[in-house]
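Peer 1: Okay, here's the prediction I keep looking at, along with the sequence it came from:
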Amino acid sequence: MQCEENFVESYQKYFNANLKNLPTMMTAKCDACPEGISCVPQIQCPAHVRMEEHAKPQVCDLPGGNFGFCCFTGQNHTDLNSKKFRVHGFSFLPPSVIEEAHIRFENLMHKTGLIPVTPGQPEFAHNMVFHSSQHEDLQNFQLSNMAMEQIITTQVFKEKEHIPLDDIITNNIDVDFMQTPLEQLCHPTRPCLNPRAKYRSFDGNCNNVLPHRSHWGAAGQPMERLLPPAYEDGIWTPRIHAKDGSLLTGAREISRILLGDADRPHPVYNLFLMQFGQFIAHDVTQSATVRLESGQSVQCCTENNADVLPPHQRHFACMPIPVEMNDEFYAHFGIRCMNFVRLSLAPNTDCRAGYGKQRSKVTHFLDGSAIYGSSVETARELRLFRGGKLRMFNDFGRDMLPLTTDKGACGNDDPSATCFKSGDGRTNQIISLIALHLIFAREHNRIAEILSQINPHASDETLYQEARRIVVAELQHITYNEYLPAVIGPMQMKRFRLVPQHHGYSSDYNNEINPAITNAFSGAAFRMGHSSVAGKFHMPGGPSHVEEIINIPDVMFNPSRMRMRTFFDDMLVTMLHQPMQQVDSAITHGLSRFLFRGNNPFGLDLAAFNIQRGRDQGLRSYNDYLEVMGNRRIHSFNQLPPEIGRKLSQVYHHPDDVDLWIGGLLEKPIEGGIVGATLAEIIADQFSRFKVGDRYFYEYNRKINPGAFTMDQLHEIRKVTMARLICDNADHMTLQAVPPAAFRRADLERNSPIRCDRPEIPVMNMEAWRF
Ligand code: HEM
Ligand SMILES: [Ca+2]
C-alpha cells in the first residue's frame, strides 16, 4: 500500500472554492484500503468525525480524481467503537420511570389540544399530503402513540438518572423495554420465508435477507440519520434556541426575508426535470403528521389564524409558526399564526430507549411504490387481474388513472369531482404530477400487453410481475442515467459510483448499507426541488394560438382539467418546453403565499414549512453538514461570499444557527449540476444507499438479485430514456415530437423535438422477454 503525505491541493480543487477549505484532518493518503473496507466520500463515514485523532481513518482515492476515507465505522453516525466511551451502565428501566412516563403519556394523549382543522381551509389540504389510505392512517395513529410512549419514557429516564445529552444522541444508552409493560410495543423482526423470491415485495420487507435487517427500507420503518439529532433534550424537543441562547428567528420570517419570488428560468433544464423529481421524491419518502384519534388533523392556531393557541391549550405535537405583525402579505388578512403539526414517530424496532425517529410510510427504496403502492392491499386495489394490467378509467376511449372517491385524496365533498388514484396518496397534489403517474401506469399496461402477445400462455400474475419488474428498472435507469447527473453533476456521480454501466452487471450490492431515507435528505436536501417550481404553467394555445396561463395553486388538488381532450398532451408539451426555475433563494409565491389556497384569498407558505420541518426533525445546523463533508466550519458570515453572508446575517446571529435547507439553497450550484455542494453530497449519499442497499437493483447479477435480468434484457433496459416513455404513452393529439433529452429545454441547440420513430429515441426490443 503506497501512501503520500500531501493531498491538500486535490482536496481544495474539489470543494467549493468560496469556502477556502482545508481538510479537517491530516492523514496520509493511500492507494487502497485494507481488505474488506471500502473507500467512500467522508459524508458516508460520519461516525469518525466525532472520534479522537488516533481513530481517524486513512485517506484513499475515489474515482473522479478525489479522495475519500477507508471507512471502518460504517455509514451510520454511531459506531460500536464509541460504546467504549459510555458513561452509564444501566440495563433496565426502574419501575418508577415507567409509572411516571405512563401518567405523562395519558395526560398528553387525552387532556389538551384536541381541536381539529376545519375542511376547506388551506391547512386541511396540507394534511392531505401525508395521507395514504384510511387503514394506513389508523395504523399510523396507533404506531405513533406507541412510539410516543417510548419517547416519553426515555425523557423521564434521562431526567431522573441525569443521562448526558451526548449519550442520548449517539444512541449510547443500553436500556431496553424488555420485561416492562412497554415490551408489547416491541416488534421482533421476522426472518424471510423466501429469501430468493424473484420479485421484490410490495412493502419492501425481505430486501435484505439477514433476519435482523429484513425490515430495512420497508414501508413504515423510521428515517435514519447522517448526524445525531439537534433536539434540545436530545430526544424529541425541537431546536428553538440559537447558539447565543436567544430564540431562533421564526420560520415564516426567514422565508419572507430571504426567499422572495423572482423569475429566474434555468438556462438548461425544463419543468419535466422538476416534476420527475417530485415523482421520485414520493416514491422514496412520505412522512406523516401526528393526528387526533378521529383521524382529523390537529389545529394549533386560534380561530381565523389570529394567534397561536396558548401553550396550555395546545396539542403535544403542535409547533405553530408565528406570523409577524409586519408581514407584508399575511398581515392583510389578520393572520398571526400558521398551523404546523409535528411528524409522527416510529417505535424502535430493537426495543431500546433512544431519541425519536420519524416514520416514513412508503418503501424507502426507489422501487416504483408510487405506481404500485407500498402494501399488498394497495397493490391489489390497483390491479385489473386480467392480462397483468393495472386498472384504468376508460374516459371516452382514453386510459386515465382510475378515479377515487376517497375524500383524503382530494378533500372534495362533491362525489362527481374528478380525483385520481395511484400507488401514492399525493397524486392529485398538482396536475403535472398526475401526468407523470399516468405515463408510468400506461407504460405498465403497454409492456404487459406486449408481453402477453409474445407469451400467450403466461398467467396474469406472471405478466403483472414481469411488467412491474421492467417498469421499475426503467424508472431506476432513467433516474441514474438522466435525472441524477443533471441534479448533482458528473463529478459526484463518479465519486459516489452512481454512473450506470454500459456493459455487464454491477456487483456493488452491500448488505451492510441501510437504504433508509435520511432526515437530511427528506427534511432538507431533496426539498431543493421546491425552488425549481415555476408559479405558472404556460400552456400552448389550441387552434386559436392564445396561450393559456395557469397559476399553480389553481391546479393543486383540483385535477378535473386532466379530463379535457388535449390537456395531457398540452401539459407534456409545456413541461418539455417551459424552463424550470433555478435552484436558489427564490421560491415562487405560488408555494410561499398561496400553497393549497383553494377558494381562499391566501394559502400557506411551503418555504416556512421546510424550515420548521427541519427543526421538527432535529436536523443540525448547516455548519455541521459542512463539517461531515470534510469542509471547515464557518465562524463568521464574513467567510462566505458577501451577498450570501449579508443575507444570512439578517436572520441568524451565528453561522451555527443556519437551517440546512437555507444554507444549502444559498450555495452556488456545483459544476454541471443544479444544486450546491452540500445538498449534492446529501442527495448523492441517498441515491448511493438506494443502489448499494437494494438487492433488487436492476443492474445486479443473479448471484445478488434473484430476479436479475438476462444480459440481453439488461441491454434493452439500458436503451430506455424519458423521451421514449413520453413517446410511447402520450395521446399524440397535440404532442407530435419530443426532445431526445427530455429533461433539457426543447429550445436548446441539438435538443429540438423530433418524431418518435427517429433512432435518437431508441426502442426496447421486447423479444428479449420471450419466456
Ligand atoms: C410541484 C409543486 C410541489 C408542491 C406543491 C409540493 C408540496 C409539498 C408539501 C406540502 C410538502 C410537505 C411539507 C411539510 O409540511 O413538511 C412537501 C414535502 C416534500 N417535497 Fe414537495 N412539493 C412540490 C414539488 C416538489 C419537488 C419538485 C420536489 C423534489 C424534487 C419535492 C420534494 C419534497 C420532499 C422530499 C418532501 C418531503 C416528503 C416527506 O418526507 O414527507 N417537492 N412538498
Ligand atoms: Ca419506494
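Peer 2: Perfect, I can see it now. Ligands and ions are numbered 1, 2, ... in the order given.
Peer 1: List the contacts of the residue in the stretch 1-150 of the chain that ligand 2 sits nearest to.
Peer 2: Minimum separation of the stretch 1-150 of the chain from ligand 2 (CB to the ion) falls at Ser132, amounting to 12.4 Å. Glycine gets a C-beta too; all of them are placed from N, C-alpha and C. Shown in contact with Ser132 (CB atoms under 8 Å, 6 or more residues apart in numbering): Gln286, Lys361, Val362, Ser374, Thr378, Asp424, Gly425.
Peer 1: Got the confidence number for Lys703?
Peer 2: What the model reports as pLDDT for Lys703 is 96.
Peer 1: sec struct for it, please.
Peer 2: coil (DSSP: H, G, I helix; E, B strand; the rest coil).
Peer 1: hmm, back to that, quick one: pLDDT of the residue of the stretch 1-150 of the chain closest to ligand 2?
Peer 2: Confidence per residue is given as pLDDT, and for Ser132 that number is 73.
Peer 1: how far away is it from ligand 1?
Peer 2: Distance check for Ser132 against ligand 1: by CB to the nearest ligand atom, to the nearest Å, it reads 11 Å.
Peer 1: and the gap between that residue and Pro322?
Peer 2: Here the distance between Ser132 and Pro322 works out to 31 Å (CB to CB, to the nearest Å).
Peer 1: Ile717 too?
Peer 2: The spacing between Ile717 and Pro322, counted by CB to CB, is 51 Å.
Peer 1: what stretches of the protein score poorly on pLDDT?
Peer 2: For the chain, residues meeting the criterion pLDDT under 70 lie at 1-31, 52-54, 65, 80-90, 187-188, 413, 542-543.
Peer 1: Which stretches in it count as strands?
Peer 2: In the chain, the segments counted as strands under DSSP state E are 3-4, 29-30, 38-40, 59-62, 66-71, 265-270, 321-322, 337-338, 393-395, 398-400, 536-539, 548-551, 579-581.
Peer 1: So in the protein, which helix runs the longest?
Peer 2: With secondary structure taken from DSSP state H, the chain has its longest helix at helix 134-161.
Peer 1: tell me which residues of that helix are tucked away?
Peer 2: Within helix 134-161, the residues that qualify as buried by neighbour count (16 or more other CB atoms under 10 Å) are 136-137, 140-141, 143-158.
Peer 1: Sketch out the helices for the stretch 151-300 of the chain, chain order is fine.
Peer 2: When assigned using DSSP state H, counting those that start in this stretch, the helices of the stretch 151-300 of the chain occupy the ranges 165-169, 251-258, 271-284.
Peer 1: For the shortest one, which outside residues touch it?
Peer 2: Applying CB under 8 Å, 6+ apart, the external contacts of helix 165-169 come out as 86-88, 154, 158, 172-173, 228-229, 231, 233-235, 354-355.
Peer 1: and ligand 1, which of the residues you listed contact it?
Peer 2: Among the contacts of helix 165-169, none lies close to ligand 1 by the criterion of CB under 6 Å from any ligand atom.
Peer 1: and Ala306, what does it touch?
Peer 2: If a contact means CB under 8 Å, 6+ apart, then Ala306 has Gly334, Ile335, Arg336, Cys337 as its contacts.
Peer 1: For the residue lying closest to the second one once chain neighbours are set aside, which residues are in contact?
Peer 2: In space, Ile335 comes closest to Asn305 once its chain neighbours are excluded; the distance is 4.5 Å by CB to CB, 6 or more residues apart in numbering. Each residue near Asn305 by CB under 8 Å, 6+ apart is listed here: Val323, Phe333, Gly334, Ile335, Arg336, Cys337, Met338, Asn339.
Peer 1: Now do the contacts for the first one.
Peer 2: The reference is to Val323. With contact taken as CB under 8 Å, 6+ apart, Val323 is in contact with Arg252, Asn305, Tyr330, Ala331, Ile335, Arg336, Cys337, Met338.
Peer 1: ok, now with 6 Å
Peer 2: The contact partners of Val323, by CB atoms under 6 Å, 6 or more residues apart in numbering, come to Arg252, Tyr330, Ile335, Arg336.
Peer 1: Looking at those residues, which is nearest His654?
Peer 2: Using CB to CB, Arg252 is the member of the contacts of Val323 that sits closest to His654, with 20.8 Å.
Peer 1: Was I right to think the closest one contacts Ala608?
Peer 2: Yes. In this structure, Arg252 is within contact of Ala608 by CB atoms under 6 Å, at 4.3 Å.
Peer 1: tally of neighbours for Val499?
Peer 2: Burial of Val499, expressed as a neighbour count using other CB atoms under 10 Å, amounts to 15.
Peer 1: and the gap between it and Val341?
Peer 2: 41 Å.
Peer 1: do Leu384 as well
Peer 2: Relative to Val341, Leu384 is positioned 37 Å away (CB to CB).
Peer 1: quick one, which of those two is more surrounded?
Peer 2: Here Leu384 and Val341 are set side by side on neighbour count (other CB under 10 Å), and the busier one is Val341, at 24 against 15.
Peer 1: Which residues are in contact with that one?
Peer 2: When contacts are counted by CB under 6 Å, 6+ apart, Val341 touches Thr289, Val290, Val298, Ala317.
Peer 1: picking that back up, which other helices and strands does the longest helix of the chain contact?
Peer 2: Counting contacts by 3 or more CB pairs under 6 Å, 6 or more residues apart in numbering; DSSP states H and E, the secondary-structure elements packed against helix 134-161 are helix 95-110.
Peer 1: circling back: want to try JSON lines for the helices of the stretch 151-300 of the chain, with distance to Val533 and mean neighbour count as columns?
Peer 2: Rendered in JSON lines, the data for the helices of the stretch 151-300 of the chain read as follows (distance: least, CB to CB, whole Å; neighbours: other CB atoms under 10 Å):
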{"stretch": "helix 165-169", "distance to Val533": "34", "mean neighbour count": "18"}
{"stretch": "helix 251-258", "distance to Val533": "15", "mean neighbour count": "22"}
{"stretch": "helix 271-284", "distance to Val533": "6", "mean neighbour count": "24"}
